[in-house]
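> Kindly return the folded structure for what I paste below:
(one chain, ligands or ions: 1)
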Amino acid sequence: MNNKPIIALDFPSEKEVVEFLGHFDESLFVKIGMELYLQEGPNIVEKVKGLGHDVFLDLKLHDIPNTVKSAMKGLARLGVDLVNVHAAGGINMMEGALEGLEAGTPSDQSRAGLIAVTQLTSTTEQQMQEQQKIKLPLIESVLNYAQITKQAGLDGVVCSVHEAATISEVCGEDFLRVTPGIRLAGGESHDQKRVATPNFARNHGSSLIVVGRAITNSADPVNAYNTVVKLWEAK
Ligand SMILES: O=c1ccn([C@@H]2O[C@H](COP(=O)(O)O)[C@@H](O)[C@H]2O)c(=O)[nH]1
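As a prediction, the model looks like this:
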């Protein structure tokens, strides 16, 4: 899997996606989330792959184990590079997801990476404690989700940059830490709560960063992307 910044294609339809990708003359790593997928269906994956880009299909599956297993089996045929579930679905559900993904992957293709969302980057410790009734520091909840994700055999987690280094220490360097909530210095946070810059992510344990609005809302998305790349790659 390449380690380019993953651009979140949070657009309402294929039209905006094609227009956006048309600005770039290189192969990208992009994320298709529920907004786009629920409007355009599996064809949007084929379209974006056909344009030569790697795809993280971010549908965050969360259901009973049998349902997630069957859904993953179907998704495996789309040939995406990375997919995910919610760790809150539990170990049996995550094992089912992995089984489905393995069963559905055509024999001439390699299986997509499978990761699990810990605590969304839009969640604060206070919200988690009050609304989810998890009476722990947020880092402990994230770490617990990371550990059960590893136990289920998945490849890594979605977390914020602020938990990435601890997860790496506990679960190992090879266990992926995919971190959304990335903003350029001084940029608006929007609905995100646990945010960080690309260079902070680089130095604090992220394996991959996910960047949406800092690039897609920019008047010059190629320049914004190149700025993110420079900061992410800077040592
Ligand atoms: O915890 C999570 C899990 C997924 N996301 C997704 O990442 C992008 C972030 O977009 P920005 O515009 O850079 O905020 C978005 O598609 C989310 O669905 C996340 O933010 N946090």
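
> How about the residues of this structure by the ligand?
For the chain, the residues in contact with the ligand (C-beta under 6 Å from any ligand atom) are 8, 10, 33, 117, 120-121, 158, 180-182, 190, 192, 210-214. Using the backbone N, CA and C atoms, a C-beta is placed for each residue, glycine as well.

> Now list the buried members of the residues you listed.
If you count burial by 16 or more other C-beta atoms under 10 Å, the buried members of the residues of the chain next to the ligand come out as 8, 10, 33, 117, 120-121, 158, 180-182, 192, 210-214.

> buried ones in stretch 95-106?
For stretch 95-106, burial by neighbour count (16+ other C-beta under 10 Å) applies to 95, 96, 97, 98, 99, 100, 101, 104, 105.

> Return the closest of these with respect to the ligand.
Nearest to the ligand among the buried residues of stretch 95-106, counting by C-beta to the nearest ligand atom, is residue 97 at 16.3 Å.

> Quick check: phi and psi on the residue of the chain found nearest the ligand?
Of all residues in the chain, residue 212 sits closest to the ligand, at 2.6 Å by C-beta to the nearest ligand atom. Main-chain torsions, residue 212, degrees, to the nearest 10: phi -110, psi -90.

> For it, which non-adjacent residue is closest in space?
The shortest distance from residue 212 to any non-neighbouring residue, by C-beta to C-beta, 6 or more residues apart in numbering, is to residue 8 (3.3 Å).

> Mind listing the residues bridging to the one you found?
Per DSSP bridges, the residues bridged to residue 8 are residue 31.

> dump the residue contacts of it.
Remark: with contacts taken as C-beta atoms under 8 Å, 6 or more residues apart in numbering, residue 8 is in contact with 30, 31, 33, 58, 180, 210, 211, 212, 213, 216.

> Just the local confidence number for it, please.
Note on residue 8: pLDDT of 99.
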